[in-house]
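Participant: below is the sequence, then the predicted model.
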Amino acid sequence: MENKKKKQPEELSEHDWEILLGELSQNSDHGWETPKDQKKRKLDFFTDILIILFFLFIVVVFFFATISLSFNTNSTSSSTKTESGWIYVRTANSYEPKVAIAWLNSENSIKLPSGKSSSFTLNIRKCEKGTDIFLTSSNSMFVSGYSIPIKFDKKGTFRVYVNHETRFKDSYSVYSYSYFPEGSSEAVFFNFKINSFLGTSTPKELITEEDFISKLRTTDKLIIDIELLNEGKQQIEFSTKGLNWEYIEE
């Protein structure tokens, strides 16, 4: 038998290869991908994975932040009460001493050149070491380092030294109600300790802490003349009637 020679396939020319590859790349049914297409597909895949991981990270962070906020809220035991215009708060938790707060908003406010108004708050804050009495402002800055005149029921004038530092800065943390950092110009503290020191060389009108609290409990109005930065001397009035001092001392 004669050996039949196998028919060799015809070699495609370079031009034919280009036509064939072009047809395959355009026809998705063939599943043809060039190296460039494969690289792009892998890049898209990893991009999708990174996006998914990013959103999972956001969800986890939000979840733990919610738990932390809930823990901090529950770890603080506090009670709030409003009576005769006074607002009372007592708080105690595991990371700071017991603190009792009473505050009262001023009857008047100051009109500022910017068009805004500045209101004021009288704060009484009692801790284990003693009592802080101080003023705070919503939009003004206090000038300190001198004695200011005060009146109870418009009878007689007393003076009290004011500055920007609490005498009990070791007794409060940033979590304390009515907390103001040392040196804040938005708060000015009545420093009765300096008042007592100056009493030997100044008029008897310098009031003691005991007298101030006693008059605050038994009078109806407190008038304070104080200097504000860029606004000069201003008069602030408080209707103090109804202060429940027993609630603070409980």
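Facilitator: Sure, I can see it. Here the structure is a predicted model, which is why all the values come from computation and not from measurement.

Participant: buried stuff in the helix or strand hosting residue 246?
Facilitator: Using DSSP states H and E, residue 246 maps to helix 245-249. Buried residues in helix 245-249, counting neighbours by 16 or more other Cβ atoms under 10 Å, are found at residue 248. All C-beta atoms are positioned from the backbone trio N, CA, C, and that covers glycine.

Participant: list of residues touching that helix?
Facilitator: 81, 83, 88, 90, 100, 102, 124, 126, 213, 217 (Cβ atoms under 8 Å, 6 or more residues apart in numbering).

Participant: shouldn't the fourth one be within a strand?
Facilitator: This means residue 90. Yes: secondary structure of residue 90 (DSSP: H, G, I helix; E, B strand; the rest coil): part of a strand.

Participant: walk me through the domains of the chain.
Facilitator: 38-75, 77-249 (automatic domain parsing).

Participant: pick the most deeply packed of the ones you listed.
Facilitator: domain 77-249 (a mean of 16; mean count of other Cβ atoms under 10 Å).

Participant: what's the spacing between residue 42 and residue 49?
Facilitator: Computed as Cβ to Cβ, to the nearest Å, the residue 42 to residue 49 distance reads 11 Å.

Participant: so where do the strands sit in this protein?
Facilitator: All strands of the chain, identified by DSSP state E, fall at 77-83, 86-93, 96-105, 110-111, 117-118, 120-126, 131-137, 146-152, 155-163, 187-190, 221-228, 232-239.

Participant: mind checking these for the one nearest to residue 63?
Facilitator: Taking Cβ to Cβ, strand 86-93 is the member of those nearest to residue 63, at 24.0 Å.

Participant: picking up where we left off before, and of the contacts of helix 245-249, the nearest to residue 227?
Facilitator: Looking across these and measuring by Cβ to Cβ, the closest to residue 227 is residue 124, at 22.3 Å.

Participant: so what's that closest one up against?
Facilitator: Neighbours of residue 124 in contact, by Cβ under 8 Å, 6+ apart: 101-103, 131-133, 248.

Participant: will you turn those into a markdown table that also has pLDDT and distance to residue 162?
Facilitator: Shown next, in a markdown table, are the contacts of residue 124 (pLDDT from 0 to 100; distance: Cβ to Cβ, whole Å):
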| residue | pLDDT | distance to residue 162 |
| --- | --- | --- |
| 101 | 87 | 19 |
| 102 | 91 | 19 |
| 103 | 91 | 17 |
| 131 | 86 | 15 |
| 132 | 86 | 12 |
| 133 | 91 | 10 |
| 248 | 80 | 21 |
